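Undergrad: Mind folding the following:
(one chain, ligands or ions: 1)
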Amino acid sequence: MNRYWTLAQRPPPPWPGPGTFRLVEAPIPTPAAGQALTRTIYVSLDPYQWGYKRRGVEPEGAPCHARSVAQVVESRIEGLAAGDFLFCTNGWAEYGLMGEGVARPGYMVPRKLDPAVGRISHAVGVLGMLGLTAYAGMILQGDPKPGETVVVSAASGGVGQIAGQLARQRGARVVGIAGRPEKCAYVTGELGFDACVSHLSPTLPEDLKAACPDGVDVYFENVGGAVFEAVLPLFRPGARMTICGLIAHYGDAPDANAGEREAEAARARGVTVRNLFVGDYVESHHDAFLAEVAPLVASGQVRYREDIREGLETIPAAFAEMLKGGNFGKMLVRVGEDPTL
Ligand code: NDP
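TA: A predicted model of the protein is given here:
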């Protein structure tokens with residue numbers, strides 16, 4: 001049997017809790033001509049998945065959407081064989097079909113993975129959409145110059161840790177904003193950021209000002225809310241801000257436009273504001289990004305931390321935790337054996 005999670009509460013509450021998701025059992029699907037059956041190894045948990053549910057993107061009863069790393073069990077697709085590893089979108093499920101006629105919200109064209117290039121779990125992280133997000137937002141949009149001050153929020157998370165390190169590679173002075181003390185210690189210690197302040201501190205605005213004595217040239221926004229308010233007065237003339245995500249607002253009513261309000265406030269101070277949608281960069285920049293970042297990861301010049309939970313059953317709790325800072329690194333759930341380990 002196949003097992004998968006589906007959304008049980010419609011419309012969903014502002015934030016997920018017990019009872020928000022339901023575990024469903026169904027027969028393992030059989031691949032038709034032009035399709036392949038894959039078994040999921042890693043389920044990627046990402047904040048945007050909550051937006052899908054809040055906006056009602058997924059059909060009722062369908063497996064919750066997620067990017068995944070999977071292995072082919074049975075293939076009726078030429079060039080794809082049992083045992084091959086894939087980046088695909090199986091969702092919060094143990095098995096999934098790919099290929100002809102398998103289209104659902106968020107479906108992405110599967111890509112074969114070569115375990116020699118990097119860990120297969122990295123395909124949903126630093127060597128996949130998260131890495132490209134950091135690259136596009138920091139390098140292509142923010143364009144930090146040597147000596148400039150760059151601030152990255154959610155700095156120890158999947159995107160933040162990569163974005164900050166890429167800015168350091170360009171010679172910028174990088175300040176992270178993160179939650180718990182051990183996250184801040186990781187950001188300055190392991191990742192080599194120049195400073196990190198905690199948004200849990202009651203003196204966040206003062207702490208950030210002290211960490212950025214010359215002001216802020218580039219802000220990579222992952223959070224919004226009080227964190228954005230602390231950055232706002234520090235922008236220097238010529239500053240750039242990339243709005244990558246606003247996780248503090250993901251429990252707002254779906255039509256509340258926190259991003260537009262934030263962009264207006266920053267523009268009123270002369271900041272150049274850009275919104276980021278990683279999908280816009282896949283065709284144009286995925287190869288250039290991989291060529292630049294994969295060697296940095298392989299050589300250890302870019303560090304990358306994953307928070308891997310075990311078992312399909314843990315997904316709803318892990319997901320809810322991640323939205324509130326319970327993850328430490330990019331959040332994944334291993335739902336099947338990884339034979340490359
Ligand atoms: P993370 O691994 O960074 O996990 C989310 C983190 O957000 C938490 O660990 C927590 O870190 C922080 N956080 C949550 N709530 C708050 C809050 N109220 N105040 C401050 N920090 C908070 O997730 P990702 O790296 O996957 O995603 C980061 C951002 O990038 C998200 O907003 C996401 O939606 C966005 N994104 C956007 C894309 C695009 O195309 N624009 C593509 C991919 C991601 P801490 O404990 O440090 O507070």
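Undergrad: what sits against residue 200?
TA: Contacts were defined as CB atoms under 8 Å, 6 or more residues apart in numbering; by that measure residue 200 touches 179-180. From N, CA and C alone the C-beta is placed, and that goes for glycine too.
Undergrad: Please apply the same query to residue 42.
TA: Under the contact definition (CB under 8 Å, 6+ apart), the residues listed for residue 42 are 68-69, 120-121, 124, 308, 332-335, 338.
Undergrad: Would you mind giving those residues as CSV with neighbour count added?
TA: Shown next, in CSV, are those (neighbours: other CB atoms under 10 Å):
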residue, neighbour count
68, 29
69, 29
120, 23
121, 24
124, 26
308, 14
332, 25
333, 24
334, 19
335, 26
338, 16
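Undergrad: Against the ligand, which of those make the cut? List them.
TA: When those are checked against the ligand using CB under 6 Å from any ligand atom, none falls in range.
Undergrad: Identify those among the residues you listed that sit within strands.
TA: In strands, judged by DSSP state E, the following of the contacts of residue 42 are found: 68-69, 308, 332-334.
Undergrad: near the ligand, which residues of this protein?
TA: Residues of the chain lying close to the ligand (CB under 6 Å from any ligand atom) are 46-48, 130, 133, 154, 156-160, 178-180, 183, 199, 222-223, 225, 227, 244-245, 247-248, 276-278, 322, 324-325, 327, 330-331.
Undergrad: and residue 293, how far is that from residue 302?
TA: When distances are taken as CB to CB, to the nearest Å, residue 293 and residue 302 turn out to be 6 Å apart.
Undergrad: list residues touching both of those two?
TA: With contacts defined as CB under 8 Å, 6+ apart, the residues adjacent to both residue 293 and residue 302 are 126, 162, 166.
Undergrad: Closest one to residue 150 out of those, please.
TA: Proximity of these to residue 150, judged by CB to CB, is greatest for residue 166, which lies at 9.5 Å.
Undergrad: Nearest residue to the closest one in space, please, no chain neighbours.
TA: Closest residue in space to residue 166, ignoring its immediate chain neighbours: residue 138 at 4.9 Å, by CB to CB, 6 or more residues apart in numbering.
Undergrad: Buried ones among the residues of the chain next to the ligand?
TA: Applying a neighbour-count criterion of 16 or more other CB atoms under 10 Å, the buried members of the residues of the chain next to the ligand are 46-47, 130, 133, 154, 156-160, 178-179, 183, 199, 222-223, 225, 227, 244-245, 247-248, 276, 278, 322, 325, 327, 330-331.
Undergrad: quick revisit: strands - which of the residues of the chain next to the ligand land there?
TA: With strands identified by DSSP E, the entries of these that belong to them are 178, 330-331.
Undergrad: Export these as JSON lines, with columns for pLDDT.
TA: Conversion of those to JSON lines gives the following (pLDDT from 0 to 100):
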{"residue": "178", "pLDDT": "98"}
{"residue": "330", "pLDDT": "98"}
{"residue": "331", "pLDDT": "98"}
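Undergrad: Now do the helices in the stretch 51-200 of the chain.
TA: Counting by DSSP state H, counting those that start in this stretch, the stretch 51-200 of the chain has helices at residues 129-134, 158-169, 181-189.
Undergrad: Let me see the domain layout of the protein.
TA: Taking automatic domain parsing as the domain assignment, the ranges for the chain are 2-124+305-334, 129-279.
Undergrad: Can you tell me the element residue 220 falls in?
TA: With elements taken from DSSP states H and E, the one containing residue 220 is strand 216-221.
Undergrad: Give the partner strands of that strand in its sheet and their orientations.
TA: strand 149-153 (parallel), strand 235-243 (parallel) (DSSP bridges).
Undergrad: ok and that strand relative to helix 158-169, angle-wise?
TA: Relative orientation of strand 216-221 versus helix 158-169 (axes from the mean of the first three to the mean of the last three CA atoms, to 10 degrees): 160 degrees.
Undergrad: Strand 216-221 - what's its average pLDDT?
TA: Strand 216-221 shows an average pLDDT of 98 in the prediction.
Undergrad: which parts of it are buried?
TA: Going by neighbour count (16+ other CB under 10 Å), the buried part of strand 216-221 is 216-221.
Undergrad: and which of these is nearest the ligand?
TA: The shortest separation between the ligand and any of the buried residues of strand 216-221 is 8.2 Å, and it belongs to residue 221 (by CB to the nearest ligand atom).
Undergrad: so the closest one touches residue 244, yeah?
TA: Yes. Under the contact definition of CB atoms under 8 Å, residue 221 touches residue 244, with a separation of 5.9 Å.
Undergrad: just the strands in the stretch 1-150 of the chain please.
TA: Counting by DSSP state E, counting those that start in this stretch, one finds strands in the stretch 1-150 of the chain at the ranges 2-7, 21-26, 35-44, 68-75, 85-88, 95-99, 111-113, 149-153.
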